[in-house]
Each structure stands twice: as C-alpha cells, then as structure tokens.
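Colleague: model the following, please.
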Amino acid sequence: MNLRRRPVALASLLLALTLAATLAATVAVAWIGTRDGTLAPQETWTGVITVFAAIIAVAVPLLRGGDRREESLEEAVRACVPALAEKVTESWKDEERHRGLYEGVRAELRWEAAPGSDRTTRLAAALPTDGTLARLTGGFARHVRTGAMTRLVVTGEAGAGKTSACVLLTLELGDTGPLVPVPFQLSSWDPEVPLYEWMTGELRTAYPFVGSARHGGRVAAELALRHVLPVLDGLDEVADPVSALRRIDEETEGRSFVLSCRTETFAVANAGHVLRRGLVVRLQPLRAEESRDHLLRHEPGANGDRLAPLAARLRENPAGPLAEALRTPLMLSLAVARGGEPVPAELLAATGPDAADRIRRHLLDSFVGKAFTPRPDEKPPPTPPDEARRYLEFLAGQVDESGRLAWWRLHRAVPGWVFRVQAVVLAVVVCSGLAAAHFGVFGRPWLGFWIGFAAGGVGALVVKPAPQDAPRRARPGFRLLPGAPAHELFRLLGFGAMGAAACVLIVSFLYASPFHVVVGGALSGLTFAMARHVSEPVNPLEVVTPASLLANDRRAVLAAWVAGGVSGAFSGAYLGAALQDGHRPELGALPIMELPPTALALLGAVAGCGLGAAGLGLMALRSSAWGRFTTTRLWLAAHGSAPLRLMRFLEDARRRGVLQRVSGSYEFRHRLLRDHLAEHLPKVAAEAATPPDDGSLTPTSTGPDNVH
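Modeller: Numbers count the residues shown, from 1 in each chain. As a prediction, this is how the structure comes out:
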C-alpha cells in the first residue's frame, strides 16, 4: 500500500469498526433488555431502528464511489479550456486597465537580446536584436499561434517592467491561440516539487472550477500538461533559481513558455547555457529624455506645475541622480501618481552616491500617503495615511515564504495562549450554562453546571491539537468521503466521540436502563459526525477572493451550528419521548414526569437542539479559519497593529493600488514598497518572506482576482 494512503485507510477502517461496534452494542443491549423484561418490544424496535438509520446515513457516503454518470476526463478537460481562457483574459484585461498599459499611455519599454539567447530559434530569427516591447509581444504571439515551440525569457532590474511584460504577453495571446496563457507566480514554487505538479495545484487554487467530483485534480493536471502556456513570473523569487531553471528546462521539453527574472539572477542560473532553445531579452532602462517626455504628456493639465520641475531637471542634467532614480517604469509611475506634494527642491539639487536612492525613498514614502489621500467626494473617507502606513508596515512583516499575505495565517502574530484561553472560556461558559438550565428542570442545576463545565473544558482541549481547517472555498453541502484526507476522517471520528460522550453523561443521570444510555450515545455520536460531515464544503466557487473565502468559511461554521441543532433535536425528541417510561425511579416525583409523551418529546427536542448546536458549533468554530481570524483581528486592533475591520482595509488597499489579489490571498503590488515598509520592522520580521517583483507602470493598479 502506498505510504500516503495508509493514514486514510486506517481512518476509514476505524470509522467502519466504530459504526459496526455501535450497531452491535445497540442490538446487544436491546436483546438483553427485551429478554429480562425491562424494555417493551415497541421501545426496543424504535431505538434500534433509529440507530440503524443513523448508521446508514453515515455509511452510505463512505461506501459510494461517486456519480458514475459524470462526464469523462476528456470531456471535462475539453469543457474547461474555453472557461479557463475566458477567465484569464477577463482578469488580465482588468489588470491592463488598472496598470495603465494601454498603448499611448504606458511608458514604451525597449529591449535588447541578452547573453544566453539561442539565435537559431524561429522567434530569434524573425526579430531584430533590439526593439520595442510591442514588437516583441506581437512576434511571440504569432509564433505561438503557429504551434511552434517558442521560449522567451524577459530579464531586467527591479521595477523594470518584467511583470508588465508578462501581462502584455498574456493579453496578446488571449483566447486566440492553441494554448491558454496562464500567469504563475514562481515565488510559491519549491523546485523539489515537479513543475507541473505545482502548476496543477496553482490552477486548482486560482480556478477551482477546473475539476469535478469524479476526476478531481486530474482535470487541472491535464490542463497544465497539455493546454496551458505557462507565463512564469519571478524566477529570482525562488529559493534556488539554479535548480529551478534546470527543472523548467527539463520538464518543458518541447513546450512553449514565458519566464521573467532579474538580470543578475538569470545570468547566474543560466551559467553554462542551462536553458536551451530560448530567446533571452533584457528590458532597457528609460533614458532621461524618455522619462522627461512621459512626465510632460502625462495629465499635463492636472500635474503640470508639479511635474515641470522634474522635467526641467532631467533636461538640465540627463545623467544626474533624478535621471538615475526615474530609469525604471515603477519609479516613473510613482512620480506621476495623483495627488501628493512635488519632490522637494533639496532632493532635486542633491548630489553624491546616495542622491538617487534618497529620491527613490521619497517616492516610496509618498506612495502610501498619495494612495490614502481622500478625494473630496469620497465617502466614507479612507484610513488616514499615517494609520494606513502603520498597518501596512505590520502587514509587510506577515507575508509568507511566497510573498503572499493570507488572512488565515495572520494568527501567527498572536500569542498561542490567547486562542487556548479563549476556546476554554467560551466552551465552559456556553456548555455549563446550557447544561445547568437543562438539569435545572430536574432539580439539579449545579450538577448540570459541573457536567457542562467539564464537557466544555475537555472538548476545547481535545479539539486544540487537531490541525486547523483551511478556509472553505465552497457552500456547505453533502459530499462523499472517498478521497478525503486522513485528518478529516480522524476529525469526523473525534467529533462523533465528543458528541457521544457528552450525551452519555446526561442520559446516565436521567435513565435507569443501559439501553437508553447506549442508544442516546450512539444517536448523539452519529448525528454529531453526520452534522460535521454535512458542514464540509462541496461545490467550488467560480470566483475565489479573500472576502469570498472568509464569507464561505463563516457560512460553513454557521451551518455546523444549524446542523448540530437539527440533529440534536431529533436525538432529544426520541429520548424525551422515552423519558416517562425509562427514567430513574428517584426522578418519578418531579412534576415534569406528569406531562404526556408528546410534550416530553418536544421538550427533549428543544434541549437537544440547544446542546447539539452549542457542542458541534463550538467545535466547528474552534477548528475553523474564520474563528481564529475573528480572535486575531480583535487582538491586533487592541494592540494598534491593524484596524478592527481588517478585511475592509485590505480590500481598500487593493483598490488604491498598494496590494493586489492573488486568488484568496493578497500581495504587495511592488516588492520595493514592501521592502521599504519592512525596513521599519525588527530584522526577523522583515526577513520573514520576500514578495514577488512587480514592474507595473502605475501605482493605482488593481491585480487580477483569480490569477497567479
């Protein structure tokens, strides 16, 4: 057996044995009770049939293998290709608009052939040794449409426009070629993982519709292997660029691709000509006259007074510090950004080796202030610039190793004891209160309080070691168990065991017969497991954004509360109806025992609903990404590290061009900005991760919602 499958097989076996043991125990106790006359036949059959039905409800999904009527793998792949092409084009059309990459608006980049090029390729033979970016993208697209293998590597310095070149190349092909161009951010790739395996995972994350219940990841794998043209952005962001380039060359044998990388990093990685049959180009820095012309024609009516001194300085000193600072499209775009104050005269007149760097720092410093400066008609006003900068400095230290800022990982900035204390306190308060109210009906509120206290505390501690759920990118619904990871099956068993144990404690106090204890525990355990199962995700969403991930994860947790309440109501109704005949003798004098079975069943349903909803809901909340994020944002807001409405701030920062969305995460749009903000953090936090390079041409851009 495959080692990866052993935990899954073990969990499935344990689940099957648990179901079998539950049924066997129920039948055995029923047979004993019927034999010695302590149970009526009608009562026995009612309990056994109820438990049997609950077992069937849990077992059927385990035994079923899926919908056999689903389309074949080939049909599923064929249906996904046009949908993928449409989504990619739609996303990057928005990116072109927000980045200001329209012809006539963008700063026209130039390129030249770089060392490492194979001049015998058809693309190299059809192009000169230098030219404009528009000619390069057009030539590349024409060759790809013919079906010829076409490999292109775009290099340049930080902020030179490499990512913008990838955007233009993607849009040049659009949905007109035999392959679908899909951008991938290499910052999240570990070269130890096969390239196409990683691309498959990225496709499933960014485009969850490329799959099916029957074929799962095989649809995305087929797309990555045969129908996608990889646009691989940021080789310099990989931990080991040398190994990564070697792997790219080996695994894309006979395939076309686009690759971007910083010039120096690529020269080292490609030493010895690792990359075969590829055209390597280097984006050229902007000359002083190009920067000056761009400044003068960019919204002269609104910014002429502010930009004129810059243009004049470039004319007077075309080789000075200002020309050096504005040699990249990123810095030039910051200079022409809306609002803000002009570059101080002392900076324009500065000389020395650090003068250009001081101008760059000033432009980066003014970026956040310009982005969060409110417009006169803007309602509600944005976060004040000083506060926004403080929040962004904190967030710059929270990116992961791939440079992404994920809301469900921000809990790393909160001490672990906060979550432990919060879970125990919440569970103890809710469970002890409900149990005290329930037992108060029988004249023993303090007994109920301590039972609830113990159950809540133990439950919180038991759930703590379990791995946290990832954000659920789906609507709650019923799904099949085959293919589920081992930890989900073990968690299913854990939820069922907790539900059974809590019910056994309560039923043991109320009922004299062990039959009711077994039936109550079995029903509670099975319904807890089933309710947890039903609250799992099933249908992938077409659009994956940070907000949609959070909303759907919250919906799944709320569904667990509802499912726990509904299932608990059914168990409570059965036990309530049996209370009059099966109660302990010492409880017979209580007024509640004089009620008819129907009223007792109704009271049992109400009590079961409250206890089931609280028990399953609290466990689902404790293991959910949304529950942990709720505690995280409260803690961060109390310490001034982030606003209370953190998701609103992140989305506002995206609209203002500071961040961009990458599927369910955010990234700082410009690596230089992220590094600049991280300089104000402790050294360890600043080195936590390095975001991808971004050479966009305007600071007010908005990244695609679903594309890596």
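
Colleague: next, count neighbours for residue 195.
Modeller: The number of residues packed around residue 195, counting by other CB atoms under 10 Å, is 21. Backbone N, C-alpha and C define where each C-beta goes, glycine included.

Colleague: ok, the residue nearest to it when sequence neighbours are not counted - contacts?
Modeller: In this structure, residue 195 finds its nearest non-sequential neighbour in residue 251, 4.5 Å apart by CB to CB, 6 or more residues apart in numbering. Contacts here follow CB atoms under 8 Å, 6 or more residues apart in numbering; on that basis residue 251 touches 194, 195, 196.

Colleague: distance of the first one relative to residue 242?
Modeller: Yep, that's residue 194 we're talking about. In this structure, residue 194 lies at 17 Å from residue 242, with CB to CB, to the nearest Å as the measure.

Colleague: neighbour count winner among those two?
Modeller: When residue 194 is set against residue 242 and neighbours are counted by other CB under 10 Å, the residue ahead is residue 242, at 16 against 12.

Colleague: doesn't residue 334 make contact with residue 364?
Modeller: Yes. With contact defined as CB atoms under 8 Å, residue 364 reaches residue 334; the gap is 7.0 Å.

Colleague: so for the two, which residue has more residues nearby?
Modeller: Between residue 364 and residue 334, counting by other CB under 10 Å, residue 334 is the more crowded of the two (26 against 20).

Colleague: name the helix or strand for residue 666, please.
Modeller: Taking DSSP states H and E as the criterion, residue 666 maps to strand 665-668.

Colleague: output that strand as PDB, nothing but the C-alphas.
Modeller: Coordinates of the C-alpha atoms in strand 665-668 are reproduced here as PDB (Å, rounded to 0.1, in the frame of the first residue of the first chain):
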ATOM      1  CA  SER A 665      -4.500  36.000  -0.800                       C
ATOM      2  CA  TYR A 666      -3.100  39.500  -1.100                       C
ATOM      3  CA  GLU A 667       0.400  40.600  -2.200                       C
ATOM      4  CA  PHE A 668       2.100  43.900  -2.000                       C
END
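
Colleague: any idea of the mean pLDDT in that strand?
Modeller: Per-residue pLDDT values over strand 665-668 give a mean of 87.

Colleague: list the buried residues in it.
Modeller: Of the residues in strand 665-668, those buried by neighbour count under the rule 16 or more other CB atoms under 10 Å are 665, 666, 667, 668.

Colleague: also stretch 144-157?
Modeller: 144, 149, 150, 151, 152, 153, 154, 155, 156, 157.

Colleague: gap between the two ends of it?
Modeller: Criterion CA to CA, to the nearest Å; first-to-last residue distance in stretch 144-157 is 27 Å.

Colleague: so where do the strands sit in the protein?
Modeller: When secondary structure is read from DSSP state E, the chain shows strands at 110-113, 130-132, 151-156, 180-185, 228-233, 257-262, 279-283, 474-476, 537-540, 659-662, 665-668.

Colleague: related to what we said a few turns ago, put together TSV for the buried residues of strand 665-668, with distance to residue 353 on each row.
Modeller: Formatted as TSV, the entries for these read as follows, by distance: CB to CB, whole Å:
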residue	distance to residue 353
665	38
666	35
667	32
668	28
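
Colleague: would you agree residue 371 is in contact with residue 656?
Modeller: Yes. With contact defined as CB under 8 Å, residue 371 reaches residue 656; the gap is 4.1 Å.

Colleague: the more surrounded of the two?
Modeller: A side-by-side neighbour count of residue 371 and residue 656, using other CB under 10 Å, places residue 371 first with 25 against 22.

Colleague: if I look at the more buried one, how far off is residue 363?
Modeller: Using CB to CB, one obtains 12 Å as the distance from residue 371 to residue 363.

Colleague: how about residue 203?
Modeller: As defined by CB to CB, residue 203 lies at a distance of 36 Å from residue 363.

Colleague: again with residue 397
Modeller: The value you get for residue 397 to residue 363, if CB to CB is used, is 22 Å.

Colleague: in the stretch 601-708 of the chain, where is pLDDT below threshold?
Modeller: Low-confidence segments of the stretch 601-708 of the chain, defined by pLDDT under 70: 680-708.

Colleague: just the helices in it please.
Modeller: Using DSSP state H, counting those that start in this stretch, the helices of the stretch 601-708 of the chain run over residues 625-638, 646-655, 671-678, 683-686.

Colleague: output the ones you listed in TSV; the columns should cover distance to residue 615 and mean neighbour count.
Modeller: TSV is the format used below for these (distance: least, CB to CB, whole Å; neighbours: other CB atoms under 10 Å):
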stretch	distance to residue 615	mean neighbour count
helix 625-638	15	19
helix 646-655	29	19
helix 671-678	43	23
helix 683-686	39	12
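
Colleague: need those in a markdown table with distance to residue 493, can you?
Modeller: Putting the helices of the stretch 601-708 of the chain into a markdown table (distance: least, CB to CB, whole Å) gives the following:
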| stretch | distance to residue 493 |
| --- | --- |
| helix 625-638 | 21 |
| helix 646-655 | 34 |
| helix 671-678 | 43 |
| helix 683-686 | 39 |
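
Colleague: so which of those is nearest residue 407?
Modeller: With CB to CB as the criterion, residue 407 lies closest to helix 625-638 of the helices of the stretch 601-708 of the chain, at 5.7 Å.

Colleague: run the angle between that closest one and helix 646-655 for me.
Modeller: Here helix 625-638 runs at an angle of 80 degrees relative to helix 646-655 (axes from the mean of the first three to the mean of the last three CA atoms, to 10 degrees).

Colleague: quick one: contacts of helix 625-638?
Modeller: When contacts are defined by CB under 8 Å, 6+ apart, helix 625-638 is touched by residues 394, 407-408, 410-411, 413-414, 418-419, 422, 468-472, 549-550, 553-554, 557, 620-621, 642-644, 646.

Colleague: just the buried members of those residues?
Modeller: Among these, those scoring as buried are 394, 407-408, 410-411, 413-414, 419, 422, 469, 471-472, 549-550, 553-554, 557, 620-621, 642-643, 646 (criterion: 16+ other CB under 10 Å).

Colleague: on that earlier part again, out of the contacts of residue 251, who's nearest residue 276?
Modeller: Looking across the contacts of residue 251 and measuring by CB to CB, the closest to residue 276 is residue 195, at 15.7 Å.

Colleague: for the closest one, give me its contacts.
Modeller: The neighbourhood of residue 195, defined by CB under 8 Å, 6+ apart, consists of 189, 247, 248, 251, 252.

Colleague: out of those residues, who's the most crowded?
Modeller: For the contacts of residue 195, the largest neighbour count, defined by other CB under 10 Å, is 26 neighbours, found at residue 248.

Colleague: ok, and the closest non-adjacent residue to that residue?
Modeller: Closest residue to residue 248 apart from its sequence neighbours, by CB to CB, 6+ apart: residue 195 at 6.2 Å.

Colleague: do you know how far residue 569 is from residue 576?
Modeller: Residue 569 is 10 Å from residue 576, where distance means CB to CB.

Colleague: what do those two both touch?
Modeller: Common contact partners of residue 569 and residue 576 (CB under 8 Å, 6+ apart): 605, 608.
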